[in-house]
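Visitor: sequence plus the predicted model coming up.
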Amino acid sequence: MQPQDVAPRPAPSSASPAHPVVDVEQAEAALVEHYPRLARIAYLVLPPGLGRSRRVLTAHALTQRALPRGRTTTPVVPAQSTGRGVDPGYALVRLRVVRTALEAGLPLRRRAWPKRSQLPPLLPHVRGLKLFPRSGGADELALDQRLSALTAPGRAAYVLRGLEKLPDDEVRELLGAAGVSDSDAALREAAEVPGPYALLGSAGFDPCSLQARPTDLRRRRQHTKAALVAGAALVVCGALLGLPGDGWGPDGAAAPPYAQNPAAQAALDPGRLTKAAPAAWKTSARTDFSVWPARGDLTGDEELLRRALAVWARPGASVGVSATPGTPTGGPAGPPQLLYAGNVDNARVVILHDGLRVTRYAEPKDGTDGAALDLARTDGAGRAQANAVVLGRADGNVRYLTAPWVTKAAGRDLADPDSGARDLPLTGGVTPPVAGPGQQQPEACTSWNVLELTDGSDTRVVTDLGELVPARLTTGRPGSAEDASGAEALGTWAPYACSLGAVRGQGVRSVNAWEFATQPLPGASGAGPGSPRPEGGGGPGEWVCTRAETWRGRGARVLAQFRTPGAKQGAVAAKAQDVPACGARDPHVLAGVLWKSEGGHWYLLAAGDRGTESVEATGGISGAADGNLLTVKTGQGAQAELTGTLEDGRTIGGLR
């Protein structure tokens, strides 16, 4: 009885015999809408030997050049196995991206002109910086190494299978249209790569979410000197020509160079760092990071603070820099606030706050090689979100700095609420090393460690999602959700704790879990009116919606999960990105899943929240029911589009 995704609409045929004609406007709309996905496909198919920086620029160049110059026929319009509709415009630009990415990996020939895709791209072009995706974990690195051992068609087959969810026959059609002569060999190569396809969607393979580093500084300096000499000669020639009036004149309203900017210099002066009074949080109208006092045994080490500020403003090539999505990485506009400076395990750590961001600088105790800089956006954080900051991670453990109003800390396993909480002593607001959630794959996940923080009578639960500020966990209907600290709330979260791994590293502020429906299963007694005849014992299934809100206010990730009686974990039935569903603005949600009964029969199970008056399925499955629950007998692999009617007459579609 394993739930499966329900497709939102019937899939089109794998190929159109009439070869659909695509207008350039239709192709452009598809390119703009799916640009991040197309760029990711190009990045994954391109030869790893290009280097990550050149692969990023080439992926963007190939994706932008995929736009046709006029009306074009497309011989391949493959359907998506996930049910995500693909119009001919998207099929065309995807084909062109795959074709040019494959061509980029072909060796140059002496007697043939190189193809445009085999040459370094002229545009986009970035001077003085190397751009590359955020660093992934050990699993992403291992997958990248395995893909590098494949041929270009093999990589393309793996990507089309895993990222685009195309069945093998449609992969063959697309590869053939892209110029691959032996698509079967490419599929055999792809089949030999172990590991879950889900890693293809990680930030480590996203050419649209980038980090920047300087290029060779010594070589740039030499080139700059040569350019200055040439520029001086040009100035002399211009003066001899006798420019009218004031010539080129001064820089007008432009500020002096950075080194002479008093505000910029003040931001780098450790003597001007601001510090909140130890008891400021007790009387302040605000209770956020701005009232945290400076703590740690190195708050008076001006050399350490100077290095932290300088690295924040101008990180060198050897500094590892990370930032949550949507977080600016530039230096502070003025003197920031010092939250912490001290020794943490084998490192010296400085935590700073500039009103918009929390920044952590860490360096080894025996030098500065291997220093790291992490930034996280925290604007709008209140008492509930400004409870803790990650001081460091080592050997799967996390050490936190807690807010001054936190009186008690404890660790617990969210996946096992009956295990109880383990008290953690606080020393100057710092916890001992706490076991983190770990980098577990969903199918192998058995535990998820979280942190409980108590402030008087209020207890909040937060979890480390690989970022500087832990995410707050809540339960309940959107708009009236509460902290996940009570026994009932912990019981709601337990089967869905491992799904938190899907939002790791996404700049998440809070995650809410809401049980929006329970549904009798066809094999359970008393399945309800309109349901198929019962086939045996059992109980109701649970529908839970989890919504991860981000600090940047957009990019929320929504999962509708379904759990059958006795199952330890829920299964993802539907998911969506950056939609209002299941949120405070629009708490309504509708989702469906294919389910196999103990008797071997397949059913479509669909559920909306309690504000849903009726549910209808169309497409490959037809059925309707009054109320928020729908059960329809069907066949394996059937696809449907769901529509729900709310109490106010508004209609909603199934989550996708």
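Guide: Ah, there it is.
Visitor: tell me the mean pLDDT for stretch 100-111?
Guide: If you average the pLDDT over stretch 100-111, you get 73.
Visitor: low-confidence stretches in the stretch 351-500 of the chain?
Guide: 438-443 (pLDDT under 70).
Visitor: what about the helices in it?
Guide: Using DSSP state H, counting those that start in this stretch, the helices of the stretch 351-500 of the chain run over 487-493.
Visitor: likewise the stretch 1-150 of the chain?
Guide: Going by DSSP H, counting those that start in this stretch, the stretch 1-150 of the chain shows helices at 24-33, 35-45, 52-64, 88-104, 138-148.
Visitor: CA atoms only: put the longest one into PDB for me.
Guide: Once side chains and other backbone atoms are set aside, the C-alpha atoms of helix 88-104 remain, and they are given as PDB (Å, rounded to 0.1, in the frame of the first residue of the first chain):
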ATOM      1  CA  PRO A  88       5.400  22.000 -27.500                       C
ATOM      2  CA  GLY A  89       7.300  25.200 -26.700                       C
ATOM      3  CA  TYR A  90       9.000  23.700 -23.700                       C
ATOM      4  CA  ALA A  91       9.700  20.500 -25.600                       C
ATOM      5  CA  LEU A  92      11.400  22.400 -28.300                       C
ATOM      6  CA  VAL A  93      13.700  24.500 -26.100                       C
ATOM      7  CA  ARG A  94      14.500  21.500 -24.000                       C
ATOM      8  CA  LEU A  95      15.500  19.600 -27.100                       C
ATOM      9  CA  ARG A  96      17.700  22.500 -28.300                       C
ATOM     10  CA  VAL A  97      19.300  22.700 -24.800                       C
ATOM     11  CA  VAL A  98      20.100  19.000 -24.800                       C
ATOM     12  CA  ARG A  99      21.400  19.000 -28.400                       C
ATOM     13  CA  THR A 100      23.800  21.900 -27.800                       C
ATOM     14  CA  ALA A 101      25.000  20.600 -24.400                       C
ATOM     15  CA  LEU A 102      25.800  17.300 -26.200                       C
ATOM     16  CA  GLU A 103      27.600  19.100 -28.900                       C
ATOM     17  CA  ALA A 104      29.700  21.100 -26.400                       C
END
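Visitor: enumerate every residue touching the residue nearest to the spatial centre of the chain.
Guide: Closest residue to the average C-alpha location of the chain: Gln506 at 3.8 Å, with CA atoms, centre = their mean. By CB atoms under 8 Å, 6 or more residues apart in numbering, Gln506 lies in contact with 203, 324-325, 465, 548, 550, 555, 557. For the C-beta atoms, the positions are set from N, CA and C on the backbone; glycine is no exception.
Visitor: now do 7 Å
Guide: 325, 548, 550, 555, 557 (CB atoms under 7 Å, 6 or more residues apart in numbering).
Visitor: can you tell me the SS state at it?
Guide: coil (DSSP: H, G, I helix; E, B strand; the rest coil).
Visitor: would you mind measuring from it to Ala157?
Guide: Distance of Gln506 to Ala157, given as CB to CB, to the nearest Å: 28 Å.
Visitor: ok, the helix or strand harbouring Asn512: who's next to it in the sheet?
Guide: According to DSSP states H and E, Asn512 maps onto strand 508-519. Strand 508-519 sits in its sheet next to strand 471-475 (parallel), strand 541-550 (antiparallel), going by DSSP bridges.
Visitor: off-centre distance for whatever helix or strand comes next after the longest one?
Guide: Following the chain from strand 541-550 toward its C-terminal end, the next helix or strand by DSSP H and E is strand 557-563. In this view, strand 557-563 has its centroid 17 Å away from the chain centroid, taken as CA atoms, centre = their mean, to the nearest Å.
Visitor: report the angle between strand 557-563 and strand 508-519.
Guide: Strand 557-563 runs at 30 degrees relative to strand 508-519, counting by axes from the mean of the first three to the mean of the last three CA atoms, to 10 degrees.
Visitor: show me the contact partners of strand 557-563.
Guide: So strand 557-563 is contacted by 3, 495-496, 499, 502-503, 506, 541-548, 570-577, 579, 581-582, 589, 591, 593, 655 (CB under 7 Å, 6+ apart).
Visitor: just for the chain, where's the confidence low?
Guide: 1-20, 70-86, 107-130, 132, 135-137, 195, 212-264, 438-443, 523-538.
Visitor: domain-wise, how is it divided?
Guide: As given by automatic domain parsing, the domain ranges for the chain are 10-213, 265-382, 396-505, 510-656.
Visitor: of all those domains, which lies closest to Ala388?
Guide: domain 396-505 (4.6 Å; CB to CB).
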